[in-house]
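Novice: Structure, please.
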Amino acid sequence: FLTAGITGAQMEGMSRALQTHGECARRCVEEGVLIHPSADVARDAERGLEILKRCGVVQLGGVTDLATLDRTLDAVHKLRQTKNEFKALVDRKQLHDNRR
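Specialist: You can find the predicted model right below:
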């Protein structure tokens, strides 16, 4: 079937790669991807880059401007309250599987 023409060495290499990927994913989960910025910007940047390379994402903690977050939440709430006004603008023809 699918393994026709694949050598044992190739299968071994793929098995090692899968194991390495699994170990990396476990490390991302166990250690997390969150960095709390400190005065040591160089160390934070190095750690952030290492996490980004390994996990594909890095999260910066404590850097949210709370006033901006409040304004964003207020805007979302206002939009939800006036959803009927925008009903005519929604194009449901492009949606699949009865998504709303």
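
Novice: need the longest helix for the chain.
Specialist: Scanning the chain for the helix with the most residues, using DSSP state H, yields helix 8-31.

Novice: Mind listing what's buried along that one?
Specialist: Within helix 8-31, no residue counts as buried by 16 or more other CB atoms under 10 Å. Heads up, the C-betas are built off the backbone N, CA and C, glycines and all.

Novice: again, but for stretch 49-59
Specialist: I51, C55, V58.

Novice: likewise stretch 41-48?
Specialist: G48.

Novice: tell me the mean pLDDT over it?
Specialist: Across stretch 41-48, pLDDT averages out at 89.

Novice: Could you export the longest helix of the chain as PDB, keeping only the C-alpha atoms?
Specialist: Presented in PDB, the C-alpha positions along helix 8-31 are these (Å, rounded to 0.1, in the frame of the first residue of the first chain):
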ATOM      1  CA  GLY A   8      13.600   0.700   6.400                       C
ATOM      2  CA  ALA A   9      16.100   3.600   7.000                       C
ATOM      3  CA  GLN A  10      13.400   6.000   5.800                       C
ATOM      4  CA  MET A  11      10.800   4.500   8.100                       C
ATOM      5  CA  GLU A  12      13.400   4.700  11.000                       C
ATOM      6  CA  GLY A  13      14.000   8.400  10.200                       C
ATOM      7  CA  MET A  14      10.400   9.100  10.100                       C
ATOM      8  CA  SER A  15       9.900   7.300  13.400                       C
ATOM      9  CA  ARG A  16      12.700   9.400  15.000                       C
ATOM     10  CA  ALA A  17      11.200  12.600  13.700                       C
ATOM     11  CA  LEU A  18       7.800  11.700  15.000                       C
ATOM     12  CA  GLN A  19       9.300  10.900  18.400                       C
ATOM     13  CA  THR A  20      11.200  14.200  18.500                       C
ATOM     14  CA  HIS A  21       8.000  16.100  17.500                       C
ATOM     15  CA  GLY A  22       6.100  14.400  20.300                       C
ATOM     16  CA  GLU A  23       8.800  15.200  22.900                       C
ATOM     17  CA  CYS A  24       8.800  18.800  21.700                       C
ATOM     18  CA  ALA A  25       5.000  19.100  22.000                       C
ATOM     19  CA  ARG A  26       5.100  17.600  25.500                       C
ATOM     20  CA  ARG A  27       7.800  20.100  26.500                       C
ATOM     21  CA  CYS A  28       5.600  23.000  25.100                       C
ATOM     22  CA  VAL A  29       2.700  21.800  27.200                       C
ATOM     23  CA  GLU A  30       4.800  21.100  30.400                       C
ATOM     24  CA  GLU A  31       6.900  24.200  30.300                       C
END
